[in-house]
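Trainee: Okay, structure incoming, though there's no sequence with it:
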């Protein structure tokens, strides 16, 4: 199986709650924690989102991921498209990273950054994605950060750029939740848009196993399944967790409830393998 959306180089406190203090900032310990959960869940490859902001030395925010990937076979970095850094010098450094072919996609942290994915400040990154044949993953929907602005993360904004850049393949992370129907329509309409199912929930193992949450989880399963039925494109759906916000095995079992078993091979592996050339 392939986890198309997780994090190992972390700045946001909301992502750190499930990790021991000696894991954060320690590549070897992070790799050990991640590798254990990947093995338990049957994950063989994964895409790790880069830091929200790059630097001159690390323009795509992937150095921390690369450090962890030294100890985790099958872990691939996703570079960050930073709308606040689009000067020619920065874009030149970003393109040099892409030339090395270590990055499997670019990530737009819409909502966390002060512009939606349709803002022209992102267009130089989409042009690079087109040039190097890379998908662009866009955060859509809810966020655990109170200071984020969710209007920038609405899935309908992805429709804008999917039309403007028809050769670029866009992934709406988190299926635009809670705007599931809007996200489904964007995929239904556009031939160059995918969704991933990461981050629909946050919680530890007890959260997923608590009988008191059965009805809530069941309602969410029904809502997501209904949106996927409307979309009608199982070949455009990717499995992801948003680890460490959730335990991998528990989240895998939750997504199993949503996806018909005949589509498991596509959603849990084949679609990501094709899209990201894994």
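Mentor: Sure thing, it's come through. Quick caveat: nothing in here was measured; it's all calculated off a predicted structure.
Trainee: residue ranges of the strands in the stretch 101-250 of the chain, please?
Mentor: 106-108, 136-139, 170-173, 193-196, 237-238 (DSSP state E, counting those that start in this stretch).
Trainee: For the third one, name the packing helices and strands.
Mentor: Translated: strand 170-173. Counting contacts by 3 or more C-beta pairs under 8 Å, 6 or more residues apart in numbering; DSSP states H and E, strand 170-173 is packed against strand 136-139, helix 156-164, helix 180-189, strand 193-196. The C-beta positions use only the backbone N, C-alpha and C, and glycine is treated the same way.
Trainee: Deepest-packed of these, please.
Mentor: Of all the helices and strands packed on strand 170-173, strand 136-139 has the most neighbours on average by mean count of other C-beta atoms under 10 Å, namely a mean of 28.
Trainee: want to throw the strands of the stretch 101-250 of the chain into TSV with distance to residue 115 and mean pLDDT?
Mentor: Supplementary listing: the strands of the stretch 101-250 of the chain in TSV, determined by distance: least, C-beta to C-beta, whole Å; pLDDT from 0 to 100:
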stretch	distance to residue 115	mean pLDDT
strand 106-108	9	98
strand 136-139	12	98
strand 170-173	16	98
strand 193-196	19	98
strand 237-238	24	98
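Trainee: Including distance to residue 268, could these go into TSV?
Mentor: Formatted as TSV, the strands of the stretch 101-250 of the chain follow (distance: least, C-beta to C-beta, whole Å):
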stretch	distance to residue 268
strand 106-108	21
strand 136-139	18
strand 170-173	15
strand 193-196	12
strand 237-238	9
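Trainee: Out of the helices and strands in this structure, which is least certain?
Mentor: Ranked by mean pLDDT, DSSP states H and E, the weakest helix or strand in the chain is helix 205-209, scoring a mean of 92.
Trainee: Can you list the neighbours in contact with it?
Mentor: 201, 213, 217, 246-247, 250-251, 253-254 (C-beta atoms under 8 Å, 6 or more residues apart in numbering).
Trainee: Report the distance from that helix to the chain centre.
Mentor: The chain centroid and the centroid of helix 205-209 are separated by 22 Å under C-alpha atoms, centre = their mean, to the nearest Å.
Trainee: Name the residues of it that are buried.
Mentor: residue 208 (16 or more other C-beta atoms under 10 Å).
Trainee: Can you tell me what sits against the helix or strand where residue 28 lies?
Mentor: Assigned by DSSP states H and E, residue 28 falls within helix 27-41. If you take C-beta under 8 Å, 6+ apart as the criterion, helix 27-41 is touched by 1, 3, 6, 8, 19-20, 22-24, 43-44, 46, 64, 67-68, 70-72, 74-75, 243-244, 247-249, 251-252.
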